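Participant: Give me a model of this one.
(2 chains, ligands or ions: 2)
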Amino acid sequence: MEIHVDKDACVGCGLCVKDCPMHVYELQDNVSVAVRPNNCMGCLSCHEICPAQALEHRGIYAARRHYIDINVCEMLRKVV
Amino acid sequence: MSAGYIDELHEAFHSDLVYRSEEIPLECSPKPKEMEQTLHGVMKLNGLVIRSLEEIAGRGANAVTYRAGKKFGHEVAKYFQKREDVEGALHELSDLLRGQYSFEVWKPEDKETFIIEENGETFIYLVFHDCIVRQTLRRNGLDQGGPLCQTLFGYVVGAIEEITGRKAKLEIVHTGPNACLKKLVLK
Ligand code: SF4
Ligand code: SF4
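Facilitator: Ligands and ions are numbered 1, 2, ... in the order given. Below you'll find the predicted structure:
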């Protein structure tokens, strides 16, 4: 697993550090650093909690998503 | 209600199809894309049932759904091959869950083997990737880890017990939007 933190976007809140059950991240000079990427099991809780959308995982298995309302998304795509 | 609407309904449900009873269906109809509303309906219904159960039975809801899942797991796994080795049992389990749930055996990098012995306990970490329960809960804005998850827990434990002939327990370590980490404790 490759985890990339966008240093410019990260606001150093430390939420990912606290939230990750596998202690993948550490704050270094107020920026999150993925110090144990091999411990990541791909839950993506960190993506959900990061207010800056600063995280990127490469090589992750994306679970099938059924809960997205395609009709609503299609409508949103037209206006956004 | 106008006769026009009734006629329209009759028209909608009438076809010239010849349906023979000996025909065995080999695929679902209609196509999955057209089933979206049905799928959402099923997820909403499940969410409603679980929400109501929680309201009525409180914390007892978890025990009810766990037991129901476990009974079902035992029943379904009866027809699967009995395996004493854990690897074989997990293989059988993944066949049993195919299409609805997918999981992999996982270990943190500091562990050498997948079967971990710690504090007198023997366990295996399972990462559940695809999960219809997670989708249903998120569809309905419900928390993960509650009674609907307990149904799946019971189901997995029941199936593992049936396949291996050993007692088992499943614990939630973490729930996430894309995967959940569970600990399968073997007794
Ligand atoms: S995906 Fe989950 S395990 Fe991986 S870094 Fe994010 S919170 Fe941690
Ligand atoms: S949650 Fe996002 S913004 Fe906060 S420290 Fe982590 S990466 Fe940076």
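Participant: where exactly do the helices run in chain B?
Facilitator: Here chain B has its helices, by DSSP state H, at B:3-12, B:36-57, B:60-77, B:86-97, B:132-139, B:147-164.
Participant: Whether the shortest one contacts chain A - can you check?
Facilitator: Yes: using C-beta under 8 Å from any C-beta of the partner chain, helix B:132-139 reaches chain A at B:132, B:134-136, B:138-139. Backbone N, C-alpha and C define where each C-beta goes, glycine included.
Participant: Check which helices and strands that helix sits against.
Facilitator: helix B:36-57, helix B:147-164 (3 or more C-beta pairs under 8 Å, 6 or more residues apart in numbering or on different chains; DSSP states H and E).
Participant: hang on, the earlier thing: just the helices of chain B: most buried one?
Facilitator: helix B:147-164 (a mean of 24; mean count of other C-beta atoms under 10 Å in any protein chain shown).
Participant: model confidence over it, on average?
Facilitator: For helix B:147-164, mean pLDDT rounds to 92.
Participant: Put the alpha carbons of that helix into CSV.
Facilitator: Taking C-alpha atoms only, helix B:147-164 is exported to CSV below (Å, rounded to 0.1, in the frame of the first residue of the first chain):
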residue,chain,number,x,y,z
PRO,B,147,-27.5,-5.3,15.4
LEU,B,148,-27.3,-5.7,11.7
CYS,B,149,-23.5,-6.3,12.0
GLN,B,150,-24.2,-8.8,14.8
THR,B,151,-26.3,-10.8,12.3
LEU,B,152,-23.3,-11.2,10.1
PHE,B,153,-21.1,-11.9,13.1
GLY,B,154,-23.4,-14.7,14.2
TYR,B,155,-23.6,-16.0,10.7
VAL,B,156,-19.8,-16.2,10.4
VAL,B,157,-19.3,-17.7,13.9
GLY,B,158,-22.1,-20.3,13.2
ALA,B,159,-20.6,-21.3,9.9
ILE,B,160,-17.0,-21.6,11.3
GLU,B,161,-18.2,-23.6,14.2
GLU,B,162,-20.2,-25.9,11.9
ILE,B,163,-17.3,-26.4,9.5
THR,B,164,-14.5,-26.8,12.0
